[in-house]
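Colleague: kindly return the folded structure for what I paste below:
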Amino acid sequence: MKRIAIVIALVAGAAVSHADEGMWTYNHFPSDQVKQKYGFSPDAKWLEHAQLSSARISQGCSASFVSENGLVMTNHHCARSCIQQLSTPKNDMVAQGFYAKNLPDEVKCPEMEINQLVEISDVTARMSKATAGLSGKPYNDAEKAESSRIEKECASSDSVRCDVVSLYHGGAYNLYKYRRYQDVRLVFAPEEAIAFFGGDPDNFMFPRYDLDVSFVRVYDGGKPAHMDSYFRWSPAGVKDGDLTFVSGHPGGTQRQLTIAELEAQREWNLPRALIRLAEMRGMIAEYQNRGPEEKRHSNAMLFGIENSFKALNGRLEALQDKEFFASKVAEEKALRAKVDNDAALKQYAAAWDAVAKAESEYHQIENPYEFMEGNAGFSSTYFGLAKLLVRAGDERPKPLDKRFREYRDSNLPALTQRLLSPAPIYDELETARLTWSLTKLREKLGADHPFVKKVLGKQSPAEVAKNLIAHTKLRDVAYRKQLWDGGKKAVDASDDAFIKLARFIDGDARAIRKRYEDNIESVLKKNDEAIAKARFAVEGMNTYPDATFTLRLSYGTVKGYNENGRFIAPLTNFAGAFERATGRDPFALPATWNAAKPKLVMKTPFDFCTTNDIIGGNSGSPVINQKGEIVGLIFDGNIQSLGGEYGFDPKVNRAVAVHSEALIHALDKIYGAERIVNELRPQKRATR
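Modeller: From the prediction side, this is the model:
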């Protein structure tokens, strides 16, 4: 593998972050800092192995390679969409679980893509040159065009995925090159009752008793992919006080935002999102009351809504904490004072006010942007497919630097996989979702808004939704492929109801997107970059960037914490799960667990918590020890970790993981999954 380029020089022993804080990029990991605190320094070979053994599920989760034959470990909730899509009314694999006893029994996931990061390179100089002296729309256009060109040069085939990633809010740019796997097959998933034991009441809580795991396998050329790098299994797992590393893909943090941006989150964005999620939850709950089949095929959607609501509410509470917010205000004031008092830095002084103005302007167009371009008014799988086809017909023929970013060449394999997915679409659920979102469109924009009149005419939202779904052919994968292959000519000739709607409103959606990109996005990008440069000049470049759904490594220890005057021990065991079980959802253990109880060793560790710094997107991340061995599987954080979006408190922020011994014990004693156990621990099999 080509050596990882060092973008930011490490400063030995003098890092800005304290305690175990930090989601560090692999080309900027503070090995010396870890050595000073824990006596162990991950060297270049250790880091390369961990990087290549880590994996990303492109739909929004983390994972890891755990055998030479392409076996991948992640969370049940990360593979849930696949499990749901493969289920039927007679074979509900979400509820009943799944185990492929033999290799031919492994079933292909309709839409899952897994990425392996093979190379990181620094493209900051090239990106800076492309945008030098520009601002506003020209800056934004140049930044996107150069990113697309770099990605196209990098992606030599559909099996390669390349992403230009902005770090430090534009202070640096890295090119991430991935090996892409789109043939991903389900190997094992436990019952939802144990994967999400405790349900929403226990979500973001500790102690926990969840076996939130799934195994899938990546295939290459129809055969299991051979992996030169993968994580071996620890013989013993971890105990209280042990050093741990988490290698995963945190989705995003906002620890480096300006006060104006944080205020926008607190006053506008988060409250709006929470209200919308609460209303969606009510809509889906009503839908589930229609019958068991309606409940089965909408459960995954309800899980996502409830998880998002709890997460966003935790973020809002963090920003509403006066002491915490005051500390962020003081931090920004100190930085701005240094910029104002340094002649060399005064060029950056206006950036904060420019960001504040852009945030204010976005507030003025937030509803039109979200409901016209952002699809908040068109909550429908069918509409999403129709918009993809209509936009692709217009965008694909354009020169690369003139396209919308989502239609760049390097992203087309992902779009194709989504478009041609054979996953079932449920018309009754589509009708309910679309009726609700069209109702919200009318409510938020107003009945007299020209766009609302254009969409609804004289009809009610329910009538429009029913008519659209009655006259679509997009449920047919072959028809979607015909339109994709036929391009703009075929799409323009289509009489499909959703295609016609997407064509009809595309001009309006493009217009509001253009206003956002030219007047708001471009200003935020340019001035966030200026603030990053000011921060580098004042504080140095020896800290970690905000999370960007790129591979990061954090370090910490297995450690308990105090909550409301009570000490929370860092490990649970199997005995605790049976004690907590009530026999009633969501605290009902599956029948397989009750049947296997006599065979179980009750002192076997189950879940544990650590001081590792994680955030959403880290779900499915491996927890490894200093030998680079699997000791656990991240699946959650505690309730205090939700404020980790904006800051890290080492006293109470905790990552929550399944213990490696719990995984092996359950696979062996409860599920009889000998094939997986032998693949995870071949050395143990050889000594039997």
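Colleague: and residue 56, its phi and psi?
Modeller: Main-chain torsions, residue 56, degrees, to the nearest 10: phi -130, psi 130.
Colleague: so what's it up against?
Modeller: Applying C-beta atoms under 8 Å, 6 or more residues apart in numbering to residue 56 gives the contacts 62, 63, 114, 115, 116, 117, 178, 249, 549, 551. Every C-beta, even on glycine, is put in place using the N, C-alpha and C of the backbone.
Colleague: could you pull out the buried residues of the top helix by length along the chain?
Modeller: For the chain, the longest helix by residue count, based on DSSP state H, is helix 292-320. By neighbour count on 16 or more other C-beta atoms under 10 Å, the buried set for helix 292-320 is 294, 296-316, 318-319.
Colleague: which stretches of this structure aren't confidently modelled?
Modeller: Counting by pLDDT under 70, the ranges of the chain that qualify are 1-18, 683-688.
Colleague: okay, domains of it per the record?
Modeller: Listed by automatic domain parsing, the domain ranges of the chain are 24-113+182-254+545-686, 259-272+335-539.
Colleague: does residue 578 touch residue 588 like I think?
Modeller: No: taking contacts as C-beta atoms under 8 Å, residue 578 lies outside contact range of residue 588: 11.6 Å.
Colleague: before we move on, the earlier item: for residue 137, which of the domains of the chain is the nearest?
Modeller: Nearest to residue 137, of all the domains of the chain, is domain 259-272+335-539, at 4.3 Å by C-beta to C-beta.
Colleague: mind listing the helices for the stretch 351-500 of the chain?
Modeller: With DSSP state H, counting those that start in this stretch applied, the stretch 351-500 of the chain shows helices at 351-368, 381-395, 412-419, 427-445, 450-456, 461-470, 477-493, 497-516, listed in chain order.
Colleague: pick the most buried one from those.
Modeller: Greatest average neighbour count among these goes to helix 381-395 (a mean of 22), per mean count of other C-beta atoms under 10 Å.
Colleague: what does that helix rub up against?
Modeller: Contacts with helix 381-395, where a contact means C-beta under 8 Å, 6+ apart, come from 375, 378, 403-404, 407, 415, 418-419, 425, 430, 434, 468-469, 472, 474-475, 480, 483-484, 487-492, 496, 498-499, 501-503, 506.
Colleague: what helix or strand is the residue of the chain most remote from its centre on?
Modeller: Computed with C-alpha atoms, centre = their mean, the maximum C-alpha offset from the centroid of the chain is found at residue 343, amounting to 41.3 Å. Assigned by DSSP states H and E, residue 343 belongs to no helix or strand.
Colleague: relative to residue 349, how far out is it?
Modeller: Residue 343 is 11 Å from residue 349, where distance means C-beta to C-beta, to the nearest Å.
Colleague: next: residue 588.
Modeller: Counting by C-beta to C-beta, the separation of residue 588 from residue 349 is 60 Å.
Colleague: who does residue 657 bridge with?
Modeller: residue 608, residue 634 (DSSP bridges).
Colleague: my guess is it meets residue 605, correct?
Modeller: No: between residue 657 and residue 605 there is no contact under C-beta under 8 Å: 10.5 Å.
Colleague: who has more neighbours, these two?
Modeller: residue 657 (30 against 22; other C-beta atoms under 10 Å).
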